[in-house]
Structures are given as C-alpha cells and as structure tokens.
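> Below: sequence and its predicted model.
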Amino acid sequence: MLKNIVSSYKDIEIMDVVRHLRILVAVVRNMSRSHRTLVDTQVYWQKPDDGNNNPLQYVAEEKNPKNVARTLNLVSVINSLDIKKPKILEVGCNAGRNLNGLFKAGYTNLDAIEISQDAISVMETTYPKTFSTANIHCGPAENILSKFEDKVALGFSR
C-alpha cells in the first residue's frame, strides 16, 4: 500500500511540474507577443488573417453540437426574461448564427454590429431571412453603439 501511495505521489508531482511548465510557456509566449493598438485590432477584425475567425467556419460551427447548445442556451435565457418583443442588439455577430437562432425562435426586432463586411456577406447568403429582418450595422462597435442609446432592451456579445 505504501508503494502505491508513493507512486501516486510521484504522479501528482510530475503532473504539477507539467502544469507549471505549461503556465511558464504561456507567460513567455504572452511576453513575446506584440499587443495591438485599437486601429490594429479594428483592421484585424475587418479581415481576420489567422485562420481562426473565418465567417465560413463560424457558419459551419452551426453543425457542432456545442455551438448549437450555446445558441439554444442564449435563446432560453432571453425567453426566460419574459420581455415582449424586445429590441435585441448583438455586438460582433460575425455571420449571424446567434441572430438566426433568435429569429427562428420568433424574435424579429434584431440589430447587430459587425466590423467585417465579409462576415455580413456570408450572413446574407447563409441566413437570408434573418439578414432581411435584422438591421445590420457594419463598422467598429465603438463608433456605432451611441446610435442605440436607450433604444435596446437586450444587448449581448458572443
């Protein structure tokens, strides 16, 4: 029994060392990254260049059960608020998967802000009914949000 305890203890120590090494690598990576300015961030999101934020991937994620559950959860939370015909604003809607989920649930007073015209174009072809119902505003959120002063019942961002 003592041998098992010693063996388990060694395993825990090894796992702890591995965990600390991972943390160290993450810290070093973060130190070596150049942090973007506001303008750099806006330019990036207009046409993401790293392969991780392609609007077509976002739409394809609709088939991923985890993302379907996330959209259904969003709809459930909004339903639970029991607000009749709320004006809903999504900031950073990408290709509109969440907006489409809300539209399919009967919400039609939808607004969205998206900086990427490419994402908006994907939304227009993928979810044409949602696109024609929602008011989509293209540009940086910080330049558009002031238009919604006191005009939105619910706002969210993915």
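On my side now, so go ahead. Numbering: from 1, shown residues only.
> worst-scoring helix or strand of the protein, pLDDT-wise?
helix 2-32 (a mean of 58; mean pLDDT, DSSP states H and E).
> Would you map the helices across this structure?
2-32, 38-46, 55-60, 65-80, 97-104, 117-126, 128-133, 141-144 (DSSP state H).
> I136: what's it in contact with?
I136 sits next to 93, 96, 111-112, 114, 120, 123 when contact means CB atoms under 8 Å, 6 or more residues apart in numbering. All C-beta spots, glycine's among them, are computed from the backbone N, C-alpha and C.
> and what of I83?
153-154.
> now it: how far from V77?
Look at I83 and V77: by CB to CB, to the nearest Å, they are 11 Å apart.
> can you check N52 too?
Counting by CB to CB - N52 and V77 are separated by 26 Å.
> And D150, by the same measure?
Distance from D150 to V77, by CB to CB: 22 Å.
> where does this protein have low pLDDT?
1-34, 49-51, 60-62 (pLDDT under 70).
> Outline the domain layout of this protein.
2-33, 41-156 (automatic domain parsing).
> most tightly surrounded among those domains?
domain 41-156 (a mean of 16; mean count of other CB atoms under 10 Å).
> any idea how far that domain is from the chain center?
9 Å (CA atoms, centre = their mean, to the nearest Å).
> start to end distance for that domain?
Start and end residues of domain 41-156 are separated by 20 Å (CA to CA, to the nearest Å).
> And stretch 142-158, by the same measure?
16 Å.
> Check the offset of it from the chain's centre.
16 Å.
> neighbouring contacts of that stretch?
38, 74, 78, 81, 83, 86-94, 98, 111, 113, 137.
> run the last query once more with 10 Å
Contact with stretch 142-158 is made by 38, 42, 58, 67, 70-71, 74, 77-78, 81, 83-94, 97-98, 102, 107, 109, 111-115, 137-138, 141, as judged by CB atoms under 10 Å, 6 or more residues apart in numbering.
> Kindly report the same for stretch 56-65.
Contacts for stretch 56-65 (CB under 10 Å, 6+ apart): 48, 51, 54, 67-68, 70-71, 93-98, 100-101, 118-119, 122-123, 125-127, 158.
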